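Visitor: What follows is a predicted structure for the sequence shown.
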Amino acid sequence: MSTGKAFVGVSTCRMPKNGNEYDSVSRYYSEAAANVAGVMPLGIPALGDQLDNDALLDRLDGFLFTGSPSNVEPHHYRGAPSEEGTQHDPARDATTLPLIKKVLDKGIPMLAICRGYQELNVVLGGTLYQKVQNQPGKMDHRADMTGTIEDRFVLAHEIELVPGGVLAGLMPDQKVLVNSVHAQGIDQLGEGLAVEAYAPDGLVEAVSVSGASAFALAVQWHPEWNASDNKLSNAIFRAFGNACRERATRR
Ligand SMILES: N[C@@H](CCC(=O)NCCCC(=O)O)C(=O)O
């Protein structure tokens with residue numbers, strides 16, 4: 001008999017260590033998925049075209065595209081070459097970019113966070129600022145990476161939710177404080193994306209996919225951090241979990 005548990009694919013990053021290479025994901029994404037969304041998180045190895053994406057789409061009820069310190073390679077969005085020494089993850093790009101397109105086409109619920117949010121924008125033809133802090137009038141959205149993990153994910157700036165949007169439907173407050181751990185951000189908006197929130201400097205901080213047949217939300221900040229206790233984070237993961245469970249019942 002079905003447990004009713006929804007099974008959710010979680011993106012991983014190809015991380016070199018000690019001469020080996022690991023496909024890894026921060027535990028905070030897995031914990032938020034399991035404990036707040038109430039789904040079963042399953043890591044998707046960064047195998048690119050070695051993965052049978054159609055088999056994944058047939059068996060999974062949702063997808064969570066996570067953050068990462070690495071940047072999407074600029075050639076995916078007609079961007080200028082990255083500065084020397086920039087951290088990339090071509091294995092992840094080769095895995096998530098085609099998968100996001102298929103997930104949207106098939107109408108499977110998805111939640112995209114930080115790098116995942118940027119990947120969604122690129123998949124839909126948008127572009128990225130490679131260093132938001134160097135853009136005239138833009139804030140520095142980076143975090144203190146030298147301190148503790150708690151220092152990294154402190155609440156850093158307000159966002160303003162767009163009235164009538166998905167996020168506004170989850171949260172009564174129009175202005176909310178969020179953490180901020182990114183140097184890149186949406187420049188040109190991808191086709192079919194609706195802005196859900198803005199930072200005080202006008203940077204887009206969240207989007208949804210207009211006309212999507214399933215939950216399709218992407219945010220630049222990190223709702224997986226403190227997901228149980230932070231009101232907006234909790235609402236986002238619960239809404240995502242509900243959408244995945246609804247699909248599971250129909251599968
Ligand atoms: N590299 C991109 C995306 C940023 C991102 O996903 N940050 C999460 C980092 C999580 C961690 O390092 O603990 C950018 O800089 O915009």
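Guide: In hand now; what should we look at? In this text the structure is predicted, and so the values were computed from the model without any measurement.
Visitor: Go ahead and confirm Val209 touches Val195.
Guide: No: assessed by CB atoms under 8 Å, Val209 is found out of contact with Val195, at 11.8 Å. From N, CA and C alone the C-beta is placed, and that goes for glycine too.
Visitor: out of those two, which sits in the more crowded spot?
Guide: Neighbours per residue, other CB atoms under 10 Å: of Val209 and Val195, the larger number sits with Val209, 22 against 14.
Visitor: Which residue, other than its chain neighbours, is closest to the more buried one?
Guide: What sits nearest to Val209 in space, not counting adjacent residues and going by CB to CB, 6 or more residues apart in numbering, is Ala216, at 3.8 Å.
Visitor: what do you get for Gly211?
Guide: Sequence neighbours aside, Gly192 is the residue nearest to Gly211 in space, at 6.8 Å (criterion: CB to CB, 6+ apart).
Visitor: pretty sure the one you found contacts Ser210?
Guide: Yes: look at Gly192 against Ser210 with CB under 8 Å: they come within range, at 5.2 Å.
Visitor: what about those two, which has more around it?
Guide: More neighbours surround Gly192 than the other of Gly192 and Ser210, with 16 against 10 (other CB under 10 Å).
Visitor: Run through the residues of the stretch 51-200 of the chain sitting next to the ligand.
Guide: Residues of the stretch 51-200 of the chain found near the ligand (CB under 6 Å from any ligand atom) are 67-71, 114-115, 181-184.
Visitor: let's see 8 Å
Guide: Within the stretch 51-200 of the chain, the positions near the ligand by CB under 8 Å from any ligand atom are 66-72, 87, 113-116, 118, 128, 132, 141-143, 145, 149, 152-153, 181-185.
Visitor: Those residues in strands, which ones?
Guide: Using DSSP state E, the subset of these located in strands is 113, 128, 185.
Visitor: how about low-confidence regions in the chain?
Guide: 1-2 (pLDDT under 70).
Visitor: please redo it, this time with the cut-off set to 50
Guide: Along the chain, the model assigns pLDDT under 50 to no residue.
Visitor: where along it do the helices fall?
Guide: Under the criterion DSSP state H, the chain contains helices at 27-32, 53-59, 90-106, 115-123, 149-152, 166-170, 231-250.
Visitor: just checking, what packs against the last one?
Guide: If contacts are counted by 3 or more CB pairs under 8 Å, 6 or more residues apart in numbering; DSSP states H and E, helix 231-250 sits against strand 62-65, strand 110-113, helix 166-170, strand 175-179, strand 216-219.
Visitor: redo that, cut-off 10 Å
Guide: Helix 231-250 is packed against strand 7-11, helix 27-32, strand 62-65, strand 110-113, helix 166-170, strand 175-179, strand 216-219, with contacts defined by 3 or more CB pairs under 10 Å, 6 or more residues apart in numbering; DSSP states H and E.
Visitor: That one: which residues count as buried?
Guide: Neighbour counts over helix 231-250 (16 or more other CB atoms under 10 Å) mark 232-237, 239-245, 247-248 as buried.
Visitor: from those, which two are the most distant?
Guide: Largest separation among those by CB to CB: Leu232 and Ala248, giving 24.7 Å.
Visitor: picking up where we left off before, winner for burial among the helices of the chain?
Guide: Most buried of the helices of the chain by mean neighbour count (mean count of other CB atoms under 10 Å) is helix 115-123; its value is a mean of 26.
Visitor: centre of the chain versus that helix, how much separation?
Guide: How far helix 115-123 lies from its chain's middle: 7 Å, per CA atoms, centre = their mean, to the nearest Å.
Visitor: follow-up on the earlier one: of the residues of the stretch 51-200 of the chain next to the ligand, grab the buried ones for PyMOL.
Guide: PyMOL command restricting these to the buried ones, with burial defined by 16+ other CB under 10 Å:
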select buried, resi 66+67+68+70+71+72+113+114+115+116+118+128+132+141+142+143+152+153+181+182+183+184+185
